[in-house]
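Chemist: No letters, just coordinates:
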DNA sequence: ATAAGACCATACCAACAAGGTATCAGAAAC
DNA sequence: GTTTCTGATACCTTGTTGGTATGGTCTTAT
């Protein structure tokens, strides 16, 4: 049995006439007759009754007609789906993210991607930087989102947003009266540091910055994630430094202050990481959406 | 895309190595390589990554593998089912029956048939003789069961059972005292005639018999079916003559009496009818079961 | 009744595609 | 560095598909 034979069979069954079917198939009648004979022979079943007016399906033929249509439908569906998958429009994309990445950037990208490729199932996996690298190498995720990253030979890291830094203060603090604050505020107030995993990380970067400005903040508290840090700042434990995207997080009692004398390089990158020798068409299409979103929205950087 | 290519694709995917796959497929490696290349080309999608150790499915390849397996399963299922249908082991058999035929013969045959061919869906249609012929010609039924039938050029009628006749009497009647009765009982008792459709029919046959014996029964009541006739006999309206199989019908107050001087030819046939130029393999297998059942059970005739 | 038309089946030929053998090219393992 | 895997390529042989011409049978029209 052969897909071509099935195609021929269906047309012959539909036309009830081998000659007309041959016309519709753009072949001549004798080869078509032969293909039908071969199909019947290979199955050992008579599929058509030969009448003076043409041919007529037998009972087994009627059954096969139904099955043949199903088969052809399934085949063309398989072709379509495979091609879609080849263009990165169908399948699954496993994305590694970290806690506060969900606040602004990632949702925008994901939204744009889902809109463009509705048949790709995006699965988010929350894991810290080190785990992301491991998961990438084991192919458990296809792409990850990260902040500070030391370069690795087998992994590409692409900066998709550079975010300015803001100071989170309690609205009960005297600092709340100012519209903006100087960078040195960090030297004078108790400092809430985060995260405490995945070195080198955001807090390391901050400390380096402060050192360049000639001071070191006094760490009042070390916490795991941005949400906890902001919550502590809101209740007056001290101040903390957050990337622009985290200012989307409005907790009661917190205010975010821009820094008017922000030093050169006092910003933090959001990067996406993926394997250098990846082969996923889905990742390709994800990256292209990512780059477009990133370009069109300098928004991501300017966003308060 | 081709069923052979799909088969090759599956084996290559399973082996992860074109050479080994070729071995398993009993072909040499170069044609297999080419088939895979052609499949990829026709889809416009890379299905395998070539690694130094062999080949490895890409994402679209993984998807296609699943689909390809489904397709092949569906194809082999279609082959099996078509062949089964060709042997009359799968499909639907529409059977025309008349009321009292269900009492004994038909259930036995159907039971035997279902056991032998469990995948054939037997659909019973109750209709009287004339309608059966019409339905046969219109292919609404494939086979019918009947009693007295005048021969028709396009229809074959096969006697499957010859049943002796019994007299049904009320247990309140003085006749109930006798173990058997003479045929002339019919001349003396009010007679309940059935059926009243589909001439020539059972009651015509009975009247001919009586005439041969030199009398005519006094018709007290004319009814449509055997069940009604027996019910009337039970409640003392008169007697009626029934085929052996109807004695399986035990209604309260009825007794069936054998006829000790049953005239030659005083029996009634149960026949099955079907189109002379039928082409149904299912009917063929039904008929062979029918003939076996009929032979093995002279029972059907001897049955009280 | 005979001829014409419509259908499928058969015979034979040409073109193409599938499979085989020999061999190449590149990467990994010794 | 050589051997040994791997898949890719070149070229040939054979089988299969499709085309043309024609036969055989049944229906239909004259």
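Modeler: Received, thanks. Quick caveat: nothing in here was measured; it's all calculated off a predicted structure.

Chemist: Could you identify the longest helix within chain A?
Modeler: helix A:59-86 (DSSP state H).

Chemist: buried sites along that helix?
Modeler: A:59-61, A:63-65, A:67-68, A:71, A:74-75, A:78-79, A:81-86 (16 or more other CB atoms under 10 Å in any protein chain shown). Every C-beta, even on glycine, is put in place using the N, C-alpha and C of the backbone.

Chemist: Which element is encountered next along the chain beyond it?
Modeler: strand A:91-97 (DSSP states H and E).

Chemist: So residue A:236: helix, strand or coil?
Modeler: Under DSSP: H, G, I helix; E, B strand; the rest coil, residue A:236 falls in the coil class.

Chemist: can you pull the pLDDT of it?
Modeler: With respect to pLDDT, residue A:236 scores 91.

Chemist: Residue A:167 now?
Modeler: 95.

Chemist: can you check residue A:301 too?
Modeler: 29.

Chemist: What of residue A:8?
Modeler: In this model, residue A:8 carries a pLDDT of 95.

Chemist: what's the burial count for whichever residue of the stretch 101-250 of chain A sits closest to chain B?
Modeler: Across the stretch 101-250 of chain A, no residue is closer to chain B than residue A:142, which sits at 9.2 Å (CB to the nearest CB). Using other CB atoms under 10 Å in any protein chain shown, residue A:142 has 22 neighbouring residues.

Chemist: Settle this for me: it is touching residue A:278, isn't it.
Modeler: Yes. Using CB atoms under 8 Å, residue A:142 is in contact with residue A:278, at 7.0 Å.

Chemist: Next, count neighbours for residue A:49.
Modeler: 13.

Chemist: what sits against it?
Modeler: A:55-58, B:279 (CB atoms under 8 Å, 6 or more residues apart in numbering or on different chains).

Chemist: that older thread, so what does the longest helix of chain A touch, helix or strand wise?
Modeler: helix A:3-15, helix A:281-296, helix B:29-43, helix B:59-86, strand B:91-97, helix B:281-296 (3 or more CB pairs under 8 Å, 6 or more residues apart in numbering or on different chains; DSSP states H and E).

Chemist: Would you reformat these as CSV and include distance to residue B:148?
Modeler: Formatted as CSV, the helices and strands packed on helix A:59-86 follow (distance: least, CB to CB, whole Å):
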stretch, distance to residue B:148
helix A:3-15, 41
helix A:281-296, 75
helix B:29-43, 66
helix B:59-86, 34
strand B:91-97, 15
helix B:281-296, 18
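
Chemist: closest to residue B:251 out of these?
Modeler: Among the helices and strands packed on helix A:59-86, the nearest to residue B:251 by CB to CB is strand B:91-97 (20.5 Å).

Chemist: The residue lying farthest from the centre of chain A and residue A:17: what is the separation?
Modeler: Computed with CA atoms, centre = their mean, the residue of chain A farthest from its C-alpha average is residue A:52, at 62.0 Å. Residue A:52 is 11 Å from residue A:17, where distance means CB to CB, to the nearest Å.

Chemist: from what I can see residue A:145 touches residue A:95, true?
Modeler: Yes. Contact criterion CB under 8 Å: residue A:145 and residue A:95 qualify, at 7.1 Å.

Chemist: intersection of neighbour lists for those two?
Modeler: In contact with both residue A:145 and residue A:95: residue A:106, using CB under 8 Å, 6+ apart.

Chemist: Spell out, range by range, the helices that occur in the stretch 51-200 of chain A.
Modeler: Under the criterion DSSP state H, counting those that start in this stretch, the stretch 51-200 of chain A contains helices at A:59-86, A:105-116, A:129-137, A:185-188.

Chemist: and of these, who's closest to DNA strand C?
Modeler: DNA strand C sits nearest to helix A:59-86 of all those, at 13.0 Å, using CB to the nearest atom of the strand.

Chemist: Please state the offset of the closest one from the chain centre?
Modeler: Centroid displacement of helix A:59-86 relative to its chain, using CA atoms, centre = their mean, to the nearest Å, is 31 Å.

Chemist: Likewise for stretch A:206-217?
Modeler: On CA atoms, centre = their mean, the centre of stretch A:206-217 falls 36 Å from that of its chain.
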